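# Here is a sequence with its predicted model. Questions after.
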Amino acid sequence: MSKIHVTATVNGDSVEFLADPRETLLDALRDHLGLIGSKEGCGTGDCGACSVLLDGRLVSACLVLGVEAEGHEIETIEGMAGPDGTLHPLQRKFIEHAALQCGFCTPGFLVASKALLAKTPDPTEEEVRYWLAGNLCRCTGYDKIIRAVMDAAAEMRGAA
Amino acid sequence: MHYHTPASFEEAVRIAASAGGVTRFLAGGTDVLVQLRAGAVTPDDLIDLKHIPGVHDIAATPQGGWRIGVAVSGAELGEHAALKRDWPGVVEAMELVGSTQVQGRATLTGNLCNGSPAADSVPALVAAGARVAVTGPQGSREMAVEQVPTGPGKTALGPGDLITAITLPPRGAGGGDAYQRFIPRTEMDIAVVGCAVNLTLEGDVITQARVALGAVAPTVMLVPEAAEAIISTTLDSDALEALVKVARSAARPISDKRGTAEFRTDIAGVLARRVAELAYARAKGRAK
């Protein structure tokens, strides 16, 4: 099985890795690049725990092959806080609202919420719930997550 | 597994023709990668179509219709205002497929080639009169979308055949289309029944119509009798009653964990009525 050399941009940095063509982008991020913030929940695109942005578009990293990343830009949870460790407003609001318990789904929710607010800075609660319908959480029951996203959106609009 | 990135459809066909084992074409990957993971399909050759020029484009045709590339995602369809204005039913049907994450990758062509009788976008494409361009070892041809699926997971595409684009006809004046499905929750589910209606009005009278049903037969199906029930009417209560009756008699569903045959038959009528009313309201400019 010959491996393929892949060059991509991850969180603004140029990266290279050797991918078996059967490996997913999630495998590449976690196993080749050491970025273990993106989680594998289901591996079949149902749970959203591996949410990343591919050229700014929200996708499940388990439904993209590592070799498909060639030449593309990827943003993961590791790129969300500032270089000095300053948390993104969404990250802060998730902590303030206790919008996590075990934390496994949290990177996916944060990346998905960031994509929503980039596209829709002033979402309704219904829009948030539909947008995040593909992110599953087995602990919190979602209400705190939705409140954290709404609050972060308000702060980011300068309305809070 | 060998991974290929051909620069043209002809090259993709050549790779598929010279490959000895199992081949798969890759566009959005939201079905292919799940099959890989489950071990249901282990391709020897995986042919990624996303490097072929034009596959990411939504382009107006000289006739006034739309040509949709095979790698255009559901999210990109939903963001295309002009396409949504012409064919809101097709766009809303594709947008029902999967989560936001799946929408970022999943394609109309993939939804069609997956061959599911419950595929949401397919009834809408059938009702719209969409056609596909096919290239294969025997050359190129065109097919109506309703000719593509032949059974659950099966299509009329031969070995090495691939769809190179989907074409929607010109919308024209007085047209409207719509798609709805029944699911027992509000999001992230597979259609128990789906229905699409596309119609054209002159004044208040329906002059042309196409009605398609999903998840009530081994394939998505065009129901010409249902269209006949509403053509030359103003979609009055008699026409709607006739439509409901014909939609139910055309349905030949199975019972499974998601719904019984009796339930699906009943809902086929309910959806046909609602979707026809919505398509009519859109044609009159009274609904988005």
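Good, I have the coordinates. Numbers count the residues shown, from 1 in each chain, chains lettered A, B, ... in the order given.
# Chain A against chain B: which residues are in contact?
Counting by CB under 8 Å from any CB of the partner chain, chain A comes close to chain B at A:1, A:4, A:21-22, A:24, A:43-46, A:48, A:51, A:54, A:57-60, A:62-65, A:67-68, A:112, A:115-116, A:130-135. For every residue, glycine as well, the C-beta is placed using N, CA and C.
# Report the buried members of the residues you listed.
If you count burial by 16 or more other CB atoms under 10 Å in any protein chain shown, the buried members of the residues of chain A next to chain B come out as A:4, A:21-22, A:24, A:43, A:45-46, A:48, A:51, A:54, A:57-60, A:62-65, A:67-68, A:112, A:115-116, A:130-135.
# Please save the CA atoms from stretch B:240-255 in PDB.
The C-alpha coordinates for stretch B:240-255 follow below in PDB (Å, rounded to 0.1, in the frame of the first residue of the first chain):
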ATOM      1  CA  LEU B 240     -56.900  17.700  -4.500                       C
ATOM      2  CA  GLU B 241     -59.200  14.800  -3.600                       C
ATOM      3  CA  ALA B 242     -58.400  13.100  -6.900                       C
ATOM      4  CA  LEU B 243     -54.700  13.700  -6.300                       C
ATOM      5  CA  VAL B 244     -54.800  12.200  -2.800                       C
ATOM      6  CA  LYS B 245     -56.600   9.100  -4.100                       C
ATOM      7  CA  VAL B 246     -54.200   8.600  -7.000                       C
ATOM      8  CA  ALA B 247     -51.000   9.200  -4.900                       C
ATOM      9  CA  ARG B 248     -52.300   6.600  -2.400                       C
ATOM     10  CA  SER B 249     -53.100   4.000  -5.100                       C
ATOM     11  CA  ALA B 250     -49.600   4.500  -6.700                       C
ATOM     12  CA  ALA B 251     -47.800   3.900  -3.500                       C
ATOM     13  CA  ARG B 252     -46.600   0.300  -3.000                       C
ATOM     14  CA  PRO B 253     -44.500   0.600   0.200                       C
ATOM     15  CA  ILE B 254     -43.100  -2.000   2.500                       C
ATOM     16  CA  SER B 255     -43.500  -2.100   6.300                       C
END
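# Go through it and flag the buried ones.
Those buried within stretch B:240-255 under the rule 16+ other CB under 10 Å are B:Leu240, B:Ala242, B:Leu243, B:Val244, B:Val246, B:Ala247, B:Arg248, B:Ala250, B:Ala251, B:Pro253.
# Surely the last one is in contact with B:Ala247?
It stands for B:Pro253. No - applying CB atoms under 8 Å as the test, B:Pro253 and B:Ala247 come out as separate, 11.8 Å apart.
# what sits in contact with each of these two?
B:Ala268 (CB atoms under 8 Å, 6 or more residues apart in numbering or on different chains).
# any idea which residue sits dead centre in chain B?
Nearest to the geometric centre of chain B sits B:Val122, at 1.9 Å (CA atoms, centre = their mean).
# Name the nearest residue to that residue, sequence neighbours excluded.
Among residues not flanking B:Val122 along the chain, B:Val220 sits closest, at 4.3 Å (CB to CB, 6 or more residues apart in numbering or on different chains).
# thinking again about what came up before, now narrow the buried residues of stretch B:240-255 to whatever sits close to chain A.
Counting by CB under 8 Å from any CB, no member of the buried residues of stretch B:240-255 reaches chain A.
# Tell me the one of these nearest B:Leu46?
Of all these, B:Pro253 has the smallest distance to B:Leu46: 34.4 Å, by CB to CB.
# which non-adjacent residue is nearest residue 132?
In the absence of a named chain, this looks at chain A. Computed as CB to CB, 6+ apart, the closest residue to A:Leu132 that is not its neighbour in sequence is A:Ala112, at 5.8 Å.
# ah, no, chain B please
With sequence-adjacent residues excluded and distances taken as CB to CB, 6+ apart, B:Val132 is closest to B:Ile163, at 4.7 Å.
# swap in A:Leu63?
The shortest distance from A:Leu63 to any non-neighbouring residue, by CB to CB, 6+ apart, is to A:Gly45 (4.4 Å).
# What helix or strand is B:Ala93 located in?
B:Ala93 is part of helix B:88-95, with elements assigned from DSSP states H and E.
# ok, now how distant is the closest residue to chain B within chain A from B:Ala281?
Nearest to chain B, among the residues of chain A, is A:Gly134, at 2.2 Å (CB to the nearest CB). When distance is defined by CB to CB, to the nearest Å, A:Gly134 is 30 Å away from B:Ala281.
# Now do the residue nearest to A:Thr7 when sequence neighbours are not counted, the pLDDT please.
Ranked by CB to CB, 6+ apart and with sequence neighbours excluded, the top spatial neighbour of A:Thr7 is A:Glu16, at 5.1 Å. For A:Glu16, the model assigns a pLDDT of 98.
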